[in-house]
Each structure stands twice: as structure tokens, then as C-alpha cells.
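Asker: Just a sequence and a predicted model for now, questions to come.
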Amino acid sequence: MIFARMLPGPVPGSVFFMSVKDPMNRSYSFIVAAAATAALAQAAIAAPIPAGASLDASNPFAKVSSLPFHYPAFDKIKDQHFKPAFEAGMREQLREVDAIAASKAAPTFENTIVALERSGQLLARVSVTFSNLQGANTNDALDAIDREMSPKLAAHHDAIFMNAKLWQRVKTVYDKRDSLTLDAESKHLVERYHRDFVRAGANLSSADKDKLKAYNGEIAGLQSQFAQNVLKEANASALVVDTRAELAGLPDADIDAAATEAKKRGLDGKYVIALVNTTIQPPMALMTNRATRERLMAASLARGSRGGEFDSRTLVQRLARLRAEKAALLGYPTYAAYSLEEETAKTPEAVNKLLGELAAPAVNNAKKEALEIQKVIDAEKGGFQVAAHDWAFYTDKVRQAKYAFDESQLKPYFELNNVVQNGVFFAANKEFGISFKERKDLPVYDPDVRTFDVFDANGKQLAIFILDYYARPNKQGGAWMNEYVTQSKLLGNMPVVANHLNIPKPAAGQPTLLTYDEVRTAFHEFGHALHGMFSNVTYPTFGGANTPRDFVEYPSQVNEMWATWPEVLANYAKHYQTGAPMPKALLDKVQASKKFNMGFITTEYLAASLLDQRWHQITPAQVPADVTGFEAQALKDAGVDFAPVPPRYRTTYFSHSFSGGYSAGYYAYLWSEKLDADTVEWFKENGGLLRKNGDHFRATLLSRGGSADAMDLFRNFRGRDARIEPLLERRGLTGNQ
């Protein structure tokens, strides 16, 4: 997945990969970061960035990093370097942009569009590093900088895209684009700039531009505050238990890790289970103590809506209103209509149709699964009806009954380094011919972070890959990919790409054993990384995974197929102690169980997607006074209000939706999965994990970034439009209407 916050502006993007953009709309991926209150946002807009000389030469951002591929000098970058670099970067870019706008020369592609592409490189360096670090390794100082700078960056973006002289030059080039001798990527860039200026309010009156600036500043601050609340609330809501017995069922290593976490918090003798981003918490699958599972579920569901300083309900209401008012000002009926215009789905109606068609069969499947769980509960004389906190625990029992295995049998075969080296990297080598060499000399921001040189099949270095897999209290939840340096021929940049997961770190000396879901996530996020590594475009706007949000998840989902591909699985699924391969009988059971629990998986995702749409398909007058009541009614109206299967994210901790990255765009995973499922069929039809197949996928799609229409790229790869049947078959949604 991809998960991220972005600077204000049009946003192609990804979850959990998320794409974020600097003020010139160049896209970078990172996790949700933070910003400020509405009052601070307005103050920041009113207060211009102080004038001054160029950035002090001692600041690491003053020049491009001298490390390979401009890899960030993490050992030299300090918290105090960011604010002056932001301010200098904004000053520098405004000087560059003002010079373009004031030019006496007639507007041309080179002196207007390409000049804009070259502008703001200092700001891009600091923005990308700051945002990525704040997602992966934040602290109070970075949060404070974000609160201050986020609304200023919004104002900076507006100063560029609402510059009337600049807009006229862009429009002049756009109007004569067909008569210019431009290659396809260059023409697409002209059209992209024109679209972005229009969507940023370039055609508005002076008074309406002022309104939009105010909206953008306040939205930026509130999104950032929401993101900070989610992280702080997750830490504050961690489950504390008094005895080891209450955690019965968890592996000893996990209980020891919970004791270590408690000690870190000054709770010696107790145990702390930290919360992950999703509603269902992983320990629920193993905990035998139902009361503890219930407490853990209650803590998860209550996040952001239980009062206190991290309650997000007021933020949600204000964000929903401001986004709706912004959309109306720009001439759209709702924020969803505004947001979806630049996605491949195009309209809320198209999204509603997809989600609506799948809701009933998904819930029907979930109810059938609930009946199977209830049979197990009744056979054990449990004396209770299945609830959300029971689902994962009893699902494993149903799986064991059906397929004669459970998750605990798999974990010894999924040791982290083996999964990475002999699974993720092995599959990439087979498919694309690329290879990896770990290096220890590059600086990192945390001792657990690893770096790798990535080499193409011809031996030439292709990228640097950063791997950051362990959870930390100062790290955003979820999993995502980002780019510290995005490929661009114009700027001469090669990719520096990172993957982030949130795997609990075991006690010292213990192996890191993954769940199957964590294995799948590692393959997924590496699919995003491949999108960034293989980028081969001219302009930074189109580099890496800078595609529409409902397309960017597609390549990453395709890469998940290799996690269970027999040749790949057999290469990495080996016992961490003996090295023995996973028994074929167990391998066969893993393969046979692919559709297992799919009713739950689809329903929890659809519920969150429908909530996201409901919040963004309202007018300002329809913003509710009761956030939780609105959520309950929305789920009921959509037919997904099935209590044992809560939404994957509730409104008050739904960072995808309210931190800016996937606002009105969480449906994107399912939309992308339609393309993914059809692509998997293509690979199977053409022999599977073969270099010729990978080379075709890379040449026609992965290397092209956002340099052409996304669906044209898919058609170039597949030879036709995608069919939905493979998706329905994969999710077990055929014959269930």
C-alpha cells in the first residue's frame, strides 16, 4: 500500500503508498505528516516568508548531496536545518517563477514550461527529506516545524498557481501546443500544467482567489493536525495489561516485546500492546483471552472519538466543510467530483457504481463466514455470538479445520531477511534481471534501516533502495513507499527509493518472523519501489510513481502475485532454525486458501471506501453535527453495517481520507485491483515469472511513470481494456448476488 500526506495542490498519488508533490507538482511519495490549527494557518498566510540572503552554506540542503545518487546526508541533517531551508527554498523558487512570469520574450515551451520544471530544486530537496523523515522518524521539533511550515507552503503554492502573468504564459503555450514540434511526453506536460493551473484557481476572480488561498491554508493545517493526532492517539491508546496470563496465546517473544515496550514507558512489570493503524489488531488472531481481545478492540475503535486532546471529530467536520466549500468555489458540486476529475475513474458516479455492485456480495460472503465461525464457537460451548474482536481468532480455527493449518505454522518459515533476499529480491531478479548489494557506508536515520545498491541486468546501477521495516513509536502506522530522489532526465537524477513497514521488533537475539500478511505487504510495497526504480522519463513531474491515485496501486498489487508463486515461495519459505523448506503439503494449503476470509477482507475495505466517498460527496450545508452518527448512517445506507466486520478505518483515524493523501480516493485499491487481476491473468497466460514478461511490463508501463494517460499505458501493456471477471473470481464474488 501507500500512505501519505502531500503539499497542497493537485495530487496524483498512492497507500499505502502515497504520492506527494512539491509546489511545482513534482511528485514524491511519503507518509502522512502534519501542520497547524486554522488560526495558525491564517496567520501563516498573512505573514510572508522573511526576505534574506541565500541559505547558509553550512546547511546540508544548501547544495545537492554529494553522496551517490544524491542520497540524503542523514548524518549531517539536523532538525534546525529544515526551517531556514524551507524559507530559502520558497524565496528562491518565487524569484525563479517571477523571472519566468516577467520575461519579455514570447512564451515558449522551453522558457515557460521547462523553466517551471527546473524551478524550486532547493525547496524540493528539503520538502522531500522533511516529509519522509516526519513519516518515518518524527519528533516534537519536526512536528512543530510542520505546524508552522505547512500553511506557508500552501500559500507558496497559491502564489505560483495564482500568478496571473505566469498563467497567461502557460495558457499561451497550451493554446498553440498542437502547432509546436513537441514529443508526446512534452505535449502531455503542457496539458498537465494547464490542468493544474485551472484546478488551482487560475481562472478565479481576485476575490475568489483570496478565498481559495484561505481555504488551502486552513486545510493544510487541519490535515497536518489530524495526522499528528492519529499518531499520538495510537500511542496514547496502547493496551496496558497487568499479567502475562492476559496475553495467553501470543508467542513468548511477542509477550517479551510487550514487556519491553511497557518498560520503555515507565510501566515496569506490565505489558503494552501498541496499536497499528487498522481497526483489527494483529494480536487478536492469537490471544486466547476473550476479555483482552475485547479491550484491545475497544481501544482501537475509540481512537479519535473518546474526548481529550487527540479527539479528531471537530477536525473532520471542519475539513469536510472546507473541502466542500473549496470544490464549490472551483465550480464542482462536491469535493469528490473535484478530486476524481483527474483520476482514471473520473466521476463519483463511476466509483459509486463499482463500490455499490460489490457491497452486497461482499457482505453476503462475510455473513457466511460468520456462520462458520459461530459453529466453532458453539461447538466449544462458548455461549456468545461472534463479535469483531473474535473474528481473527476464530477465523484461524476455521482455516485450520478447512485447510489443516493456521498462521502459527507459517511464521517459522517467514524470517524477515530470508523473505527479503530470497523472496522479494529473488522474484525481481527473475522477472527483470535486477540485482541487489547491501552497503553499510551510507548514513541512515535509524540503526535498523538498511540500504542497497540496485543494479540493472547490464550491470549498471539503477537505484538506491532504503529498507525500513520495524515499527517505532515515532513512525506513522501502516506501510508505504517513498522517494528521496525521483528519476528525471531533465535534472539528471536517478532514483533513491524507500519501503516502510511496521513490523514489531522482537526482543534482542530473537528472529523476526512475519505473518503471511506482512510477507504480502513486503511484496506489495516493493512493487511501488519498482515503479520508482524503473522510471525512465524526462520531466520530474512524471517521474517515478507519479500517476493517478487509482492507478498507482496497480503495479504494487501485481507484485503481490510473486509472494505465493511456487518457484518464489519455495525459495524463501524455509524454517528459520533448520533451513528446511516449507512442506509441500503446507504450501498446497496456503495456495488453496487464497480466497479464504475474502468476505471479511472485502467488506472491511468497502466500508472504509464508502465512508471516504460519503464524507466527500456532501455539500457544505450537509456537514453533520454528529460525526459518529453520520458514519453509522452511511454504513447502513450502503448496506455494509455488519457489526462483526467494522470498517478497516473509522472516520476519526482514517488518515488516508483526512490527512490529504487519499481524500475521496481510498477506493483506488479496488479500482487498481481490477487492472491487477487482469494483469495476473496475462502473466499466467504468457508463462509466468519470465524475463520477457517482466521486460514487457517494464517497457510499456513501469518505466513510463505519469508521462502518458494511465489507461493508455495499461492498454499498451495488455492490448485491450481490463476485464472485471478476474477480480470477481479472485475475491469470491461470483454467484453471490
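Answerer: Ah, there it is.
Asker: So what's the gap between stretch 286-302 and the chain middle?
Answerer: Remark: stretch 286-302 is offset 27 Å from the chain centroid, using Cα atoms, centre = their mean, to the nearest Å.
Asker: Enumerate the positions of it that are buried.
Answerer: In terms of neighbour count (16 or more other Cβ atoms under 10 Å), stretch 286-302 has its buried residues at L286, M287, N289, T292, R293, E294, R295, L296, M297, A299, S300, L301. No exception for glycine: its C-beta is placed from N, CA and C like everyone else's.
Asker: Give me the subset of those residues lying in helices.
Answerer: T292, R293, E294, R295, L296, M297, A299, S300, L301 (DSSP state H).
Asker: shouldn't the second one be in contact with M284?
Answerer: Yes: the criterion here is Cβ atoms under 8 Å, and R293 meets it with M284 at 5.1 Å.
Asker: re earlier: looking at the buried residues of stretch 286-302, which one is closest to L587?
Answerer: L286 (22.3 Å; Cβ to Cβ).
Asker: Doesn't G382 belong to a helix?
Answerer: No: the assignment for G382 (DSSP: H, G, I helix; E, B strand; the rest coil) gives coil, which keeps it out of a helix.
Asker: give me the number of residues near it?
Answerer: Residues contacting G382 under the criterion other Cβ atoms under 10 Å number 14.
Asker: Just the pLDDT for it.
Answerer: G382 carries a pLDDT value of 96.
Asker: max-length strand in the chain?
Answerer: Counting by DSSP state E, the longest strand found in the chain is strand 461-470.
Asker: Pull the distance from the following helix or strand past that one to the chain's centre.
Answerer: Moving toward the C-terminus from strand 461-470, the first helix or strand encountered (DSSP states H and E) is strand 480-485. Averaging C-alpha positions (Cα atoms, centre = their mean) puts strand 480-485 10 Å from its chain's average.
Asker: Only alpha carbons, please: show the helix or strand just after strand 480-485 as CSV.
Answerer: Using DSSP H and E, the helix or strand that follows strand 480-485 in sequence is strand 496-503. Taking C-alpha atoms only, strand 496-503 is exported to CSV below (Å, rounded to 0.1, in the frame of the first residue of the first chain):
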residue,chain,number,x,y,z
VAL,A,496,16.6,6.8,-4.3
VAL,A,497,13.5,4.8,-3.2
ALA,A,498,12.4,3.6,0.2
ASN,A,499,10.0,1.0,1.6
HIS,A,500,8.5,1.2,5.1
LEU,A,501,6.6,-1.4,7.1
ASN,A,502,5.6,-1.5,10.8
ILE,A,503,6.7,-5.0,11.9
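Asker: Go through strand 496-503 and flag the buried ones.
Answerer: Buried positions in strand 496-503, judged by neighbour count with 16+ other Cβ under 10 Å: V496, V497, A498, N499, H500, L501, N502, I503.
Asker: which one of the residues you listed is nearest D396?
Answerer: So of the buried residues of strand 496-503, ranked by how close each gets to D396 (Cβ to Cβ), first place is I503, at 19.3 Å.
Asker: What pLDDT is listed against the closest one?
Answerer: Looking at I503, the pLDDT reads 94.
Asker: Now tabulate the ones in helices among the buried residues of stretch 286-302 in CSV and tack on pLDDT and distance to W565.
Answerer: Below are those laid out as CSV (pLDDT from 0 to 100; distance: Cβ to Cβ, whole Å):
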residue, pLDDT, distance to W565
T292, 98, 37
R293, 98, 34
E294, 98, 39
R295, 98, 39
L296, 98, 34
M297, 98, 35
A299, 98, 38
S300, 98, 33
L301, 98, 37
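Asker: and which of these is nearest to A105?
Answerer: Distance to A105 across these (Cβ to Cβ) is lowest for S300, with 59.5 Å.
Asker: What's the separation between that closest one and P647?
Answerer: The gap separating S300 from P647 is 11 Å, by Cβ to Cβ, to the nearest Å.
Asker: shared neighbours, these two?
Answerer: Residues touching both S300 and P647 by Cβ atoms under 8 Å, 6 or more residues apart in numbering: T279.
Asker: if we can go back for a sec, give the residues shared as contacts by R293 and M284.
Answerer: With Cβ under 8 Å, 6+ apart as the test, R293 and M284 both reach H389, F393.
Asker: contacts for the longest strand of the chain?
Answerer: In contact with strand 461-470 (Cβ under 8 Å, 6+ apart) are residues 68-69, 71, 136, 416, 420, 434, 436, 442, 444, 446, 448-456, 484, 494-505, 512, 522, 529, 532-534.
Asker: again, only using 7 Å
Answerer: 68-69, 71, 136, 416, 420, 434, 436, 448-456, 494-501, 503, 505, 529, 533 (Cβ atoms under 7 Å, 6 or more residues apart in numbering).
Asker: Just the buried ones among these, please.
Answerer: Applying 16+ other Cβ under 10 Å to the contacts of strand 461-470 flags 69, 71, 136, 416, 420, 434, 436, 449-455, 494-501, 503, 505, 529, 533 as buried.
Asker: what about A668, distance to L610?
Answerer: 14 Å.
Asker: In terms of neighbours, single out the busier of the two.
Answerer: Using other Cβ under 10 Å, the more surrounded residue of A668 and L610 is A668, with 28 against 24.
Asker: Pretty sure the more buried one sits against E553.
Answerer: Yes: between A668 and E553 there is a contact under Cβ atoms under 7 Å: 5.6 Å.
Asker: L166 - nearest residue in space that isn't next to it in sequence?
Answerer: A101 (4.0 Å; Cβ to Cβ, 6 or more residues apart in numbering).
Asker: what do you get for G665?
Answerer: R549 (4.3 Å).
Asker: ok, now V316?
Answerer: Leaving aside its sequence neighbours, V316 sits nearest to V627 (Cβ to Cβ, 6+ apart; 5.4 Å).
Asker: swap in A563?
Answerer: In space, A563 is closest to F523, 4.4 Å off (Cβ to Cβ, 6+ apart).
Asker: ok, and A522, which helix or strand is that part of?
Answerer: Counting by DSSP H and E, A522 is found in helix 516-533.
Asker: Rounded mean pLDDT for whichever helix or strand comes after that helix, please.
Answerer: Once helix 516-533 ends, the next helix or strand along the chain (criterion: DSSP H and E) is helix 549-559. Across helix 549-559, the average pLDDT comes to 95.
Asker: what's downstream of helix 549-559, the next helix or strand?
Answerer: helix 566-572.
Asker: and that following helix, C-alpha only, in CSV?
Answerer: Provided in CSV are the C-alpha atoms of helix 566-572 (Å, rounded to 0.1, in the frame of the first residue of the first chain):
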residue,chain,number,x,y,z
PRO,A,566,5.5,-21.7,-6.4
GLU,A,567,9.1,-21.0,-7.6
VAL,A,568,9.4,-17.9,-5.4
LEU,A,569,7.6,-19.3,-2.3
ALA,A,570,9.8,-22.4,-2.4
ASN,A,571,12.9,-20.2,-2.5
TYR,A,572,12.2,-18.2,0.6
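Asker: what does that helix contact?
Answerer: Counting by Cβ under 7 Å, 6+ apart, N418, V419, N422, G423, F426, A427, W562, P581, L587, L689 sit against helix 566-572.
Asker: Check what pLDDT S54 gets.
Answerer: 80.
Asker: Skipping adjacent residues, who's closest to it in space?
Answerer: A88 (6.2 Å).
Asker: ok, that neighbour - contacts?
Answerer: Contacts of A88 by Cβ under 7 Å, 6+ apart are S54, L55, L122.
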